[in-house]
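Q: Give me coordinates for this.
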Amino acid sequence: MAPEENYLDRVLTMEVGRCTEAAAVAASTMIGRGDKEGADQAAVSALRTAFNKLEMDGTVVIGEGERDEAPMLYIGEKVGTGNGPKIDIALDPLEGTTLTAKAMANALAVVAMAQGGTLLHSPDVYMDKIACGPGFPDGVIDLDASVEDNIQSLARAKGAPASEITLCVLDRERHERLISGARKLGARVFLIPDGDVAGVFHTTEASTGIDLYVGQGGAPEGVLAAAALRCVGGQMQGRLLFRNDDERARAERAGIADLDRKYHLKDLASGDVIFAATGVTNGTMLDGVKWEREHVNTHTVVMRSKTGTVRYIRARSRQQIYE
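A: Okay, here's the model as predicted:
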């Protein structure tokens with residue numbers, strides 16, 4: 001077994017979950033305070049501190065932005081002690097800064113780790129995405145098909161009418177065509193204000209009732225979402241979207257040669273991947289951070305692609321460990 005695989009075996013037990021817990025707890029102190037930048041900074045600082053305790057030679061490949069845009073956890077930053085194996089890291093210390101600032105549902109702290117070179121080094125641009133959870137035949141969804149065709153295809157595979165398919169979409173003006181097309185078929189549309197990692201993440205668990213995710217969101221978030229789907233066997237496709245020459249140049253600097261490529265799940269996240277998320281605010285799949293007089297309670301999911309293991313962890317810790 002390669003050193004990276006040995007290390008991922010050990011990390012899977014608790015360490016990645018501890019990192020997202022630290023970020024979530026820090027962000028939770030800013031819930032409802034109307035300061036999304038402050039909430040993000042609290043999560044970033046806590047996550048970086050947690051990373052630097054790990055015996056690894058970690059490289060941030062999906063982070064807070066390029067080095068001139070982010071003071072820490074920027075793309076290319078080295079984290080960990082530097083003494084362990086090479087690990088690629090994709091992260092969003094606080095997915096849902098506005099959700100946290102407004103005390104709204106489904107804010108998360110999210111991290112994916114993989115062997116070096118196995119996560120797409122995505123530029124910070126938009127991505128057109130489609131995703132569904134496990135249990136369907138390959139090719140049941142197609143990014144280049146209409147939303148109506150994808151809903152009908154998924155309904156046939158599910159053995160149900162289109163009216164029983166639930167679609168998750170970011171509530172944006174650019175998605176009006178998707179929303180109206182789905183509703184014309186009688187499908188349900190679950191609109192989310194922010195957080196498209198969580199949107200894709202919802203398709204991994206039948207209890208959410210979400211069958212399909214479609215729409216345009218952040219490309220870095222697409223890689224994080226793909227890491228989660230890799231662990232449970234879902235499907236995803238994406239294509240980078242560029243609004244100007246600066247964004248195209250950003251993609252080229254990231255090593256993207258084919259700007260029109262349609263990425264499939266394993267193009268976005270390959271190899272042995274682990275994914276962890278901790279709820280900041282209460283959500284569909286994870287409870288938010290709860291503070292008591294002397295303790296803090298967290299709810300975390302940790303998943304691994306190699307084994308298909310999904311662990312939900314409820315932790316109750318003394319507040320002092322986060323002070």
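
Q: Now do Phe51 against Arg314, distance only.
A: 23 Å (C-beta to C-beta, to the nearest Å). All C-beta spots, glycine's among them, are computed from the backbone N, C-alpha and C.

Q: These two: who's more crowded?
A: Under the criterion of other C-beta atoms under 10 Å, the comparison of Phe51 against Arg314 puts Phe51 first, with 27 against 10.

Q: Quickly list what the closest residue to the more buried one other than its chain neighbours is bridged to.
A: Closest residue to Phe51 apart from its sequence neighbours, by C-beta to C-beta, 6 or more residues apart in numbering: Val79 at 4.1 Å. Beta-bridge pairing for Val79 (DSSP bridges): Gly58.

Q: so how many other residues sit close to Val79?
A: Val79, neighbours per other C-beta under 10 Å, totals 25.

Q: those helices in the stretch 101-250 of the chain, which residues are they?
A: Shown for the stretch 101-250 of the chain, the helices assigned by DSSP state H, counting those that start in this stretch span residues 147-158, 176-184, 196-201, 219-232, 245-253.

Q: Check the model's average confidence along the last one for me.
A: Which is helix 245-253. Confidence for helix 245-253, expressed as mean pLDDT, is 88.

Q: got the CA coordinates for it in CSV?
A: Extracted in CSV, the C-alpha atoms of helix 245-253 (Å, rounded to 0.1, in the frame of the first residue of the first chain):
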residue,chain,number,x,y,z
ASP,A,245,-10.5,36.7,-21.2
ASP,A,246,-9.3,37.1,-17.7
GLU,A,247,-11.2,34.0,-16.6
ARG,A,248,-9.9,32.1,-19.6
ALA,A,249,-6.3,33.1,-18.7
ARG,A,250,-7.0,32.0,-15.1
ALA,A,251,-8.0,28.6,-16.5
GLU,A,252,-4.8,28.4,-18.6
ARG,A,253,-2.7,29.2,-15.5
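
Q: how much space is there between Asp138 and Glu69?
A: Applying C-beta to C-beta, the value for Asp138 to Glu69 is 38 Å.

Q: what about these two, which has more around it?
A: A count of neighbours by other C-beta under 10 Å puts Glu69 above the other of Asp138 and Glu69, at 11 against 7.

Q: Can you verify my assumption that Gly58 contacts Phe51?
A: Yes: between Gly58 and Phe51 there is a contact under C-beta atoms under 8 Å: 6.3 Å.

Q: which neighbours do those two share?
A: Common neighbours of Gly58 and Phe51, counting by C-beta atoms under 8 Å, 6 or more residues apart in numbering, are 79-80, 89.

Q: can you put those in a markdown table and add pLDDT and distance to Arg33?
A: Converted to a markdown table, the shared contacts of Gly58 and Phe51 look like this (pLDDT from 0 to 100; distance: C-beta to C-beta, whole Å):
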| residue | pLDDT | distance to Arg33 |
| --- | --- | --- |
| Val79 | 95 | 28 |
| Gly80 | 93 | 31 |
| Ile89 | 94 | 28 |
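
Q: which of these lies closest to Ile62?
A: Among those, Ile89 lies closest to Ile62 (C-beta to C-beta), at 7.6 Å.

Q: Would you confirm that the closest one belongs to a strand?
A: Yes: counting by DSSP: H, G, I helix; E, B strand; the rest coil, Ile89 is part of a strand.

Q: Which strand residues bridge it?
A: Ile89 forms beta bridges with Val60, Met113, as assigned by DSSP bridges.

Q: gap between it and Ala182?
A: Relative to Ala182, Ile89 is positioned 35 Å away (criterion: C-beta to C-beta).

Q: Would you map the strands across the stretch 201-323 of the chain?
A: For the stretch 201-323 of the chain, applying DSSP state E, counting those that start in this stretch gives strands covering 212-218, 235-241, 263-264, 273-279, 290-291, 295-304, 310-318.

Q: Please identify the deepest-packed of the ones you listed.
A: Of all those, strand 273-279 carries the top mean neighbour count, a mean of 29, counting by mean count of other C-beta atoms under 10 Å.

Q: Tell me how far that strand lies from the chain's centre.
A: On the basis of C-alpha atoms, centre = their mean, to the nearest Å, strand 273-279 sits 8 Å off its chain's mean C-alpha point.

Q: Report the angle between it and strand 310-318.
A: With axes from the mean of the first three to the mean of the last three C-alpha atoms, to 10 degrees applied, the angle from strand 273-279 to strand 310-318 works out at 50 degrees.

Q: Which neighbouring elements make contact with strand 273-279?
A: Judged by 3 or more C-beta pairs under 8 Å, 6 or more residues apart in numbering; DSSP states H and E, strand 273-279 is in contact with helix 3-13, helix 15-28, strand 108-115, helix 219-232, strand 295-304.

Q: Show me the one of these that comes nearest Arg261.
A: Closest approach to Arg261 among those (C-beta to C-beta): helix 219-232, 12.0 Å.

Q: for the record, mean pLDDT for the closest one?
A: Averaged across helix 219-232, the pLDDT comes to 92.

Q: from the middle of its chain, how far away would that helix be?
A: Distance, centroid of helix 219-232 to centroid of chain: 6 Å (C-alpha atoms, centre = their mean).
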